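1. Sharing a sequence plus its predicted fold:
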Amino acid sequence: MKVNCPTCDNAVEWSAASPFRPFCSERCKLIDLGDWAAENHRIPDKAPIDAALSEEYLAELEQEFIAQDNDFFKNN
């Protein structure tokens, strides 16, 4: 069975003889990994974002972290 390399579109044999499958080479595999790390590939989130709720949540988190920092410095 043959598949196309997701990075360069070269034909790749899907078997144990192709250790980087579905990629044609380690280079193509690392390019793809870099794209995921840079968030060039991502799984879309279909949930709508409530901007007000997000800001409120971030403000609560910020206050929680400030309190933790203050407690840390008081105790040390």
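-> Everything's here; your move.
2. for the helix of greatest length in the chain, the distance to its chain's centre please.
-> When secondary structure is assigned using DSSP state H, the longest helix within the chain turns out to be helix 51-75. On the basis of C-alpha atoms, centre = their mean, to the nearest Å, helix 51-75 is displaced by 25 Å from the centre of the chain it belongs to.
3. again with stretch 42-49
-> A distance of 13 Å separates the centroid of the chain from that of stretch 42-49, by C-alpha atoms, centre = their mean.
4. What distance do you get for residue 40 to residue 54?
-> Noted for residue 40: a distance of 24 Å to residue 54, by C-beta to C-beta, to the nearest Å. In short, each C-beta sits where N, CA and C put it, glycine included.
5. Run through the residues that contact residue 13.
-> Contact analysis of residue 13 by C-beta atoms under 8 Å, 6 or more residues apart in numbering lists 1-2, 21.
6. Closest to residue 71 out of those?
-> Proximity to residue 71 was ranked across the contacts of residue 13 by C-beta to C-beta; first place goes to residue 21, at 51.8 Å.
7. Against residue 35, how distant is that closest one?
-> Distance of residue 21 to residue 35, given as C-beta to C-beta: 18 Å.
8. cool, and residue 7?
-> Distance, residue 7 to residue 35, by C-beta to C-beta: 8 Å.
9. When the two are compared, which one has more neighbours?
-> Between residue 7 and residue 35, counted using other C-beta atoms under 10 Å, residue 7 has the larger neighbour count: 17 against 14.
10. got a list of what the more buried one touches?
-> 23-24, 28-29, 31-32.
11. hmm, try it at 6 Å
-> Contact criterion C-beta atoms under 6 Å, 6 or more residues apart in numbering gives 28, 31-32 as the residues in contact with residue 7.
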